[in-house]
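Peer 1: Model the structure of this input:
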Amino acid sequence: MLFSVLRRVFSQVRYLQIAILIAALAVSVAILLPNISVILQVLQSPSIDVSAKLSFLGSMYGAIFTNFALSSALATTAISSLFGINSALLAYYIRRRKTAVSNTSGHTAGVLGVVSGVFGIGCAACGSVIISSVLLLFGAGGLLALLPFHGAEFGVLGVILLGFSMQQLAKRINDPLVCPS
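Peer 2: Numbers count the residues shown, from 1 in each chain. Okay, the predicted model is just below:
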């Protein structure tokens, strides 16, 4: 069922574009966010020309091979891809069902899957970027060190929840638009 829904949704180019764009944005945030201060310094420097700035930005994407452990790189790539696919499925579902708003559990599953995926993005050096940032606000950043995999659990949880969300959205998309009699 999931693959037939994916085939139906992604046969329309706009949803494929949505998935690719959102996946690229998600992986960009995961790679560039930990280095934002360096990036801003380079981009704001008047002594560096535009082509060197663009080259620097492009080279930052190599950080997924150098700054990320293999498990973190795989989790980040998987979460970003699933995040894009889930977002496209959610957009398809909402567009298809915009007149039938009585059952919103498909919306909820999609939104929860997307949010959980965002929490799982991170690298080996900083752990989960979003979770560690939020926990640091409350002085609980050291709690990640107490976890068995030092925060990598959020990446696995994000992949699982995004997979579950995709399954739920696919089930909702496959439902007929009319009520059963």
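
Peer 1: ok, F164 to S11 distance?
Peer 2: With distances taken as CB to CB, to the nearest Å, F164 is found 24 Å from S11. To be clear about C-beta, it is placed using only N, CA and C from the backbone, and glycine gets the same treatment.

Peer 1: Looking at those two, which has the bigger crowd around it?
Peer 2: Ranked by neighbour count (other CB atoms under 10 Å), F164 and S11 place F164 first, with 14 against 9.

Peer 1: Distance of the more buried one relative to S51?
Peer 2: Counting by CB to CB, the separation of F164 from S51 is 45 Å.

Peer 1: which ones are touching L21?
Peer 2: G84 (CB atoms under 8 Å, 6 or more residues apart in numbering).

Peer 1: Ok, I64 next?
Peer 2: Residues in contact with I64 (CB under 8 Å, 6+ apart) are V27, I31, A73, T76, T77.

Peer 1: In what element of secondary structure is it found?
Peer 2: Using DSSP states H and E, I64 maps to helix 63-66.

Peer 1: Quick check: next helix or strand after that helix?
Peer 2: That would be, after helix 63-66 and using DSSP H and E, helix 70-96.

Peer 1: Looks to me like I20 is in a helix.
Peer 2: Yes. According to DSSP: H, G, I helix; E, B strand; the rest coil, I20 belongs to a helix.

Peer 1: Now it. Nearest residue, chain neighbours left out?
Peer 2: G84 (6.4 Å; CB to CB, 6 or more residues apart in numbering).

Peer 1: I22 is in contact with the one you found, correct?
Peer 2: Yes. Using CB atoms under 8 Å, G84 is in contact with I22, at 4.1 Å.

Peer 1: Thanks a lot, catch you later.
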